[in-house]
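[1] Quick one, fold the following:
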Amino acid sequence: MTFNPLQQRGIPLDRQLRNWRELDVDPIDPDHCDPYTRCRIITMNGIEVEAILFSHQLARHTLDPEIKRQLARTRYIEAQQQKVVNWLLPGTSSVLETTIAYEQVAVDLTAWVARMEPDPYLKQAYQFGVLEDFDHLYRYANLYEMIEHRKAESIVDQLTEVMPGRPTKFHHRDPVDNVRDPYDRTRVDPLSKLHALTIMSSEQQTMNFYMNTGPTYMEPIARQLYQEIGLIEEEHVTHYESLVDQGESWWEQLVNHEYNECYLYHSFMEQESDPKVKAIWELHLNMELEHLHTACELLRANEGRDPEEIVAPQLPNVLTFEPNKAYLRELLDTQIDLTTLGAGYVREAHERFEQMQAAIHGGEEPPSERVMAQHQEMFGREYRLVTEGEHPDPALREK
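    So this is what the prediction gives:
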């Protein structure tokens, strides 16, 4: 179904305010929900957080008090949306269970985007990053069995495999090698803009989550693993945010943000299996349509440009959460040994990479390796969830 958000009107902004009772939504049941419902919730939480943070930054860079007031009106509604979305997550889930769900999002969202991305350079950026999130899922899954004595398949079901990706200890790179070349805003496919903003927002939310939840554990190995992977998530945010053309104006970026929210709420509404959650996606879509029109008016008023110059005339095909096992196995077979050099990718360990490895590890095994050794000592094996046969890389097959 074609859908042009530029031509659709939603709920008027002055009718979007909700009271406490409406915001206090019932959470999903973690034991009976579709794992991808939880993934959609985590994704939209990250998208709304990015929208709020971007609006605050824009407000801090404008002198016009009326624009500040307009941004504040929309931003408050975005804040209500963020609360509703994030409060769909159940309080009965532990931080580590939510962490594993975050990594399932990172794996299957990034893999889908990589599959659909039309630009070869951007596609490679997503392919590179997803193999690192894949390994993070594997490390956290082993920590989960150690601490909570449960298996990650209770969270990811059989939808996402759990086995080694690019080993986490090799993710630590010199910061300059995390900066990619940006797309050209005047020539890039509009879909690529949505992809870049979506993955950047999701990785930013993961970074924020780990920064704040890591020290809540008592177990030293858990605190250390969150610290290590939290540093890598900062690298990922740098990696993805640098893909966005820095020449985009504030108003252009605002339109892109609001258009992307329409795209994702529409996508998730189309595929949601939980009727209660589907109704929230639909409601928020109708709110975001008005937010988009407000952003378009600001673009016209401040730059004399039409939004059709920036975004697609209709939404792309829906972004879909689905298994990506065969695609991920192909990447494991062909790209697991890559690292970055400048804005490109190489297979050899270069001088800056080796210097960073020596500085960050200090000649010792990092937490991501020690968690595996401790798990092996406790259970006599490591935890994996392998549904499609042996690991594609013989060196990483279970011994």
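[2] Need the nearest residue in space to residue 366, chain neighbours excluded.
    Take residue 366 and drop its neighbours on the chain: the residue closest to it by Cβ to Cβ, 6 or more residues apart in numbering is residue 169, 4.9 Å away. The C-beta positions use only the backbone N, C-alpha and C, and glycine is treated the same way.
[3] show me what contacts the one you found?
    Neighbour list for residue 169: 357, 361, 365, 366, 368, 369 [criterion: Cβ atoms under 8 Å, 6 or more residues apart in numbering].
[4] Format those residues as TSV; extra columns: neighbour count, secondary structure and distance to residue 229.
    Output for the contacts of residue 169, formatted as TSV (neighbours: other Cβ atoms under 10 Å; DSSP: H, G, I helix; E, B strand; the rest coil; distance: Cβ to Cβ, whole Å):
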residue	neighbour count	secondary structure	distance to residue 229
357	18	helix	16
361	14	helix	14
365	12	coil	15
366	22	coil	10
368	24	helix	7
369	16	helix	13
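[5] what's the closest of these to residue 311?
    The shortest approach to residue 311 among these belongs to residue 368, at 39.8 Å (Cβ to Cβ).
[6] so residue 221 touches residue 374, yeah?
    Yes. Between residue 221 and residue 374 there is a contact under Cβ atoms under 8 Å: 6.1 Å.
[7] shared neighbours of these two, anything?
    In contact with both residue 221 and residue 374: residue 146, using Cβ under 8 Å, 6+ apart.
[8] give me the number of residues near residue 17?
    Close neighbours of residue 17, defined as other Cβ atoms under 10 Å, add up to 11.
[9] oh sorry, the question was meant for residue 269
    Taking other Cβ under 10 Å as the criterion, the count of residues near residue 269 is 20.
[10] Report the contact partners of it.
    278, 281, 282, 285.
[11] Just the helices from the protein, written as ranges.
    Listed in chain order, the helices of the chain (DSSP state H) span 20-23, 35-59, 65-86, 95-116, 120-148, 153-156, 190-213, 220-241, 250-271, 275-303, 325-335, 351-361, 367-379.
[12] could you dump the ones you listed to TSV with distance to residue 178?
    Conversion of the helices of the chain to TSV gives the following (distance: least, Cβ to Cβ, whole Å):
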stretch	distance to residue 178
helix 20-23	37
helix 35-59	19
helix 65-86	27
helix 95-116	16
helix 120-148	10
helix 153-156	27
helix 190-213	12
helix 220-241	4
helix 250-271	21
helix 275-303	30
helix 325-335	17
helix 351-361	10
helix 367-379	18
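[13] Quick check: closest non-adjacent residue to residue 355.
    Per Cβ to Cβ, 6+ apart, closest to residue 355 is residue 174, 7.0 Å.
[14] What separation do you get for the one you found and residue 246?
    Distance of residue 174 to residue 246, given as Cβ to Cβ, to the nearest Å: 21 Å.
[15] Wait, residue 230 touches residue 210, no?
    Yes. Judged on Cβ under 8 Å, residue 230 makes contact with residue 210 at a distance of 3.8 Å.
[16] okay but the residue nearest to residue 355 is in contact with residue 358, surely?
    No. Contact criterion Cβ under 8 Å: residue 174 and residue 358 do not qualify, at 11.4 Å.
[17] So for those two, which sits in the more crowded spot?
    Each of residue 174 and residue 358 has its neighbours counted (other Cβ under 10 Å); residue 174 has more, 18 against 10.
[18] what's the neighbour count on the nearest residue to residue 329 once chain neighbours are set aside?
    Nearest non-adjacent residue to residue 329, counting by Cβ to Cβ, 6+ apart: residue 392, 5.0 Å away. Using other Cβ under 10 Å, residue 392 is surrounded by 17 other residues.
[19] Got phi/psi on residue 392?
    Phi and psi for residue 392, reported as degrees, to the nearest 10, are phi -60, psi -30.
[20] Which pLDDT value goes with it?
    If you check residue 392, the pLDDT there is 97.
[21] Before I go, just wanted to say thanks for your time.
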